[in-house]
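Colleague: Starting from these lines, generate the structure:
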Amino acid sequence: MTEEARERVRRIYDNVTVRAQAIIEVFEHQFTEPLVDNSLYTFDELINWLSEKTLGNLGIRRWADSNEYGSYTLNREDYEAHGRGKTFFEYLPDLGIIDYLTPVIRDHILEVVQMHSPNIDKKAFLITIRFPEVTVTNEYDKSTVIYDLFVRVPVTLEGKTYERFNMARTTYPSDQWLSGYAHSHLPGINTEGFYRPCTGSGPINNTIRTLSGRYDINVWGLYSFEIAKYVTVESIAGTPYRRLENIGSNQDNLIKLEAPKWKGSLKDYYDCYYADMLQPFVLDFLKNGHIKFTYRNGGYTLGEDLLGLWIRVSNEFIKWHNKNIREQRVAIHKDRLFSSGLINEYYIANGMVYNAAIGNRIQDIERLEGKEMFMFKGEMQRLHFLDRTAATASNTTILVDINLLHYILTKAIEVINYRYGREKETREGGNGSRCLYL
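Modeller: This next block holds a predicted model:
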């Protein structure tokens with residue numbers, strides 16, 4: 001294939017796709033070429049198709065012919081000697097053949113675009129933008145960082161759009177995954193690909209409407225700029241699907257670590273340890289567990305991390321139970337501890353605790369790691385979880401029922417504040433004694 005032949009084919013291709021190419025350039029200028037992909041039928045793909053065709057395949061049936069695009073002449077003897085059975089670029093004695101074939105080449109381009117269009121009624125393609133890392137911020141200056149966000153924009157060969165862009169994520173920290181948070185503008189997580197976001201009533205809607213009605217390369221420039229801004233903003237006024245402030249707090253399987261309310265009595269765990277059987281463990285832990293307290297606002301409160309204390313109480317309970325088994329005080333199998341709810345399996349990730357028994361999303365982390373999503377720049381994009389090792393089935397922790405933790409803690413606080421109150425009462429009586437140190 002000569003350079004001149006290639007350029008003549010290029011002119012036909014450019015004539016059909018000129019607006020599409022201009023729009024792609026706008027997005028590549030806004031986001032840089034490595035972060036923008038498109039599904040438009042390429043010039044190289046067209047050349048490959050032509051390279052497999054013969055003149056007969058392409059509709060050349062006469063030794064000479066003409067149309068409004070061009071004319072050609074073939075020598076029968078030369079064709080029989082050198083051209084029969086040869087592919088298009090192997091035997092092209094008259095470049096006028098390319099001009100003459102303009103309708104055939106053009107219709108092929110349109111047919112392929114139509115065949116792969118995201119909308120069966122339109123000749124369209126997709127522009128996809130990758131955002132490796134985005135900080136989403138709302139009006140209250142609250143923010144969260146999301147990774148590998150993709151925005152997909154439909155474009156017609158006429159240079160228009162016909163609907164809102166779509167969005168997808170492929171990389172998640174476990175807290176965002178467990179909260180179902182892909183982006184504030186998305187209704188949830190779609191593990192099959194793209195979701196259509198909410199665009200509220202912002203100006204980006206006017207831009208989309210304009211581009212649905214006409215081609216304007218300057219408006220496409222505005223649209224790319226608005227998308228760049230859109231992905232970084234959560235508008236509280238616009239009522240987002242998922243508020244970033246709720247990440248880690250709106251999960252069915254999340255255990256809320258809150259300061260306990262007073263538990264007046266210890267819970268019975270039927271077919272296992274009853275409350276009176278647990279009292280020796282409670283008393284032993286209160287005596288030897290070394291709970292840290294701090295003095296604040298006229299009384300003592302917990303002076304350490306509640307999760308750390310929960311883990312310590314759980315470890316001590318397991319030791320206490322195993323000792324009971326060894327000394328034959330009880331014959332309670334581990335399965336009964338679980339079935340009664342006295343102990344349970346939990347996942348601990350990013351300082352948060354999840355109930356493994358109902359943590360389907362946590363179990364999905366292992367199942368979906370590496371799942372194929374879609375192609376970008378010729379490479380398959382896959383689901384990935386940043387802190388997968390901290391939230392998988394192989395990283396469960398056995399903890400006692402949180403009610404037992406709360407009972408121990410509130411009992412300890414009650415005792416220490418009672419003792420403090422007695423000391424204060426005695427001191428105010430004039431004996432000069434000091435407050436107890438813990």
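Colleague: what about the chain, any weak spots by pLDDT?
Modeller: 237-239, 248-254, 259-264, 349-350, 356-362, 388-395, 418-438 (pLDDT under 70).
Colleague: For E316, see how far away the nearest residue to F385 once chain neighbours are set aside is.
Modeller: Nearest non-adjacent residue to F385, counting by C-beta to C-beta, 6 or more residues apart in numbering: I365, 5.1 Å away. Glycine gets a C-beta too; all of them are placed from N, C-alpha and C. Using C-beta to C-beta, to the nearest Å, one gets 30 Å for the distance from I365 to E316.
Colleague: Tell me which other helices or strands the longest helix seen in the chain touches.
Modeller: Scanning the chain for the longest helix, with DSSP state H as the assignment, gives helix 3-31. Packed against helix 3-31 by the contact rule (3 or more C-beta pairs under 8 Å, 6 or more residues apart in numbering; DSSP states H and E) you find strand 36-38, helix 43-51, helix 96-100, helix 102-115, strand 124-138, strand 143-156, helix 217-230.
Colleague: need the strands for the stretch 151-300 of the chain, in chain order.
Modeller: Applying DSSP state E, counting those that start in this stretch to the stretch 151-300 of the chain gives strands spanning 166-172, 233-234, 254-255, 293-296, 299-302.
Colleague: In JSON lines, list these along with distance to D276 and mean neighbour count.
Modeller: Formatted as JSON lines, the strands of the stretch 151-300 of the chain follow (distance: least, C-beta to C-beta, whole Å; neighbours: other C-beta atoms under 10 Å):
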{"stretch": "strand 166-172", "distance to D276": "46", "mean neighbour count": "22"}
{"stretch": "strand 233-234", "distance to D276": "52", "mean neighbour count": "18"}
{"stretch": "strand 254-255", "distance to D276": "27", "mean neighbour count": "18"}
{"stretch": "strand 293-296", "distance to D276": "27", "mean neighbour count": "13"}
{"stretch": "strand 299-302", "distance to D276": "26", "mean neighbour count": "16"}
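Colleague: For G200, find the nearest of those.
Modeller: The minimum distance between G200 and those falls on strand 233-234, with 10.1 Å, by C-beta to C-beta.
Colleague: Tell me the strands beside the closest one, with direction?
Modeller: Strand 233-234 pairs in its sheet with strand 124-138 (parallel), by DSSP bridges.
Colleague: Run the chain-centre distance for the partner strand.
Modeller: 12 Å (C-alpha atoms, centre = their mean, to the nearest Å).
Colleague: Please apply the same query to stretch 79-88.
Modeller: Distance, centroid of stretch 79-88 to centroid of chain: 55 Å (C-alpha atoms, centre = their mean).
Colleague: My read is that G202 contacts K229, right?
Modeller: No: using C-beta atoms under 8 Å, G202 makes no contact with K229, being 9.5 Å away.
Colleague: and these two? which has more neighbours close in?
Modeller: Using other C-beta atoms under 10 Å as the criterion, G202 and K229 rank with G202 on top: 16 against 11.
Colleague: separation between the more buried one and D268?
Modeller: 56 Å.
Colleague: next one: E414
Modeller: From E414 across to D268, the span is 21 Å (C-beta to C-beta).
Colleague: Mind checking which of those two has more residues around it?
Modeller: The neighbour comparison of E414 against D268 (other C-beta under 10 Å) goes to D268, with 15 against 12.
Colleague: Distance check, that one against L342.
Modeller: To L342, D268 is 10 Å away according to C-beta to C-beta.
Colleague: Which strand or helix spans the residue nearest to A331 when sequence neighbours are not counted?
Modeller: In space, and not counting its chain neighbours, A331 is closest to I325: 7.6 Å by C-beta to C-beta, 6+ apart. Per DSSP states H and E: I325 is located in helix 306-326.
Colleague: got a list of what the spatially closest residue to I129 that is not a sequence neighbour touches?
Modeller: Residue nearest to I129 in three dimensions, not counting chain neighbours: V151, with 4.7 Å by C-beta to C-beta, 6+ apart. Residues near V151 by C-beta atoms under 8 Å, 6 or more residues apart in numbering: T128, I129, F131, F165, N166, M167, I227, V231.
Colleague: now stretch 211-229, how far from the centre of its chain.
Modeller: 26 Å.
Colleague: If we go by neighbour counts, what in it is buried?
Modeller: Within stretch 211-229, the residues that count as buried by 16 or more other C-beta atoms under 10 Å are L211, Y215, V219, W220, L222, Y223, S224, E226, I227, A228.
Colleague: need the contact list for the fifth one.
Modeller: By that I understand L222. L222 touches T207, counting by C-beta under 8 Å, 6+ apart.
Colleague: One more: the second one?
Modeller: Applying C-beta under 8 Å, 6+ apart, one finds that Y215 lies in contact with R19, E158, G159, K160.
Colleague: So how do I select the buried members of these in ChimeraX?
Modeller: In ChimeraX, a selection of the buried entries from the contacts of Y215 looks like this (16+ other C-beta under 10 Å):
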select :19,159,160
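Colleague: Could I get the contacts of Y215 in JSON lines, plus columns for distance to G299?
Modeller: Shown next, in JSON lines, are the contacts of Y215 (distance: C-beta to C-beta, whole Å):
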{"residue": "R19", "distance to G299": "73"}
{"residue": "E158", "distance to G299": "73"}
{"residue": "G159", "distance to G299": "71"}
{"residue": "K160", "distance to G299": "69"}
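Colleague: Could you tell me which of the contacts of Y215 are located in helices?
Modeller: Short answer: the contacts of Y215 in helices (DSSP H) are R19.
Colleague: of the contacts of Y215, closest to S235?
Modeller: For these, the nearest to S235 is K160 (26.8 Å; C-beta to C-beta).
Colleague: Which of the three states applies to the residue nearest to F385?
Modeller: What DSSP: H, G, I helix; E, B strand; the rest coil gives for I365 is helix.
Colleague: one step back: give the buried residues for the helix holding I325.
Modeller: So for helix 306-326, counting by 16+ other C-beta under 10 Å, buried means 306-307, 309-314, 316-318, 321, 324.
Colleague: After it, which helix or strand is next?
Modeller: Next in sequence after helix 306-326, counting helices and strands by DSSP H and E, comes helix 334-339.
Colleague: Just the residues contacting that following helix, thanks.
Modeller: With C-beta under 8 Å, 6+ apart as the criterion, helix 334-339 contacts D271, C272, H321, I343, N344, E345.
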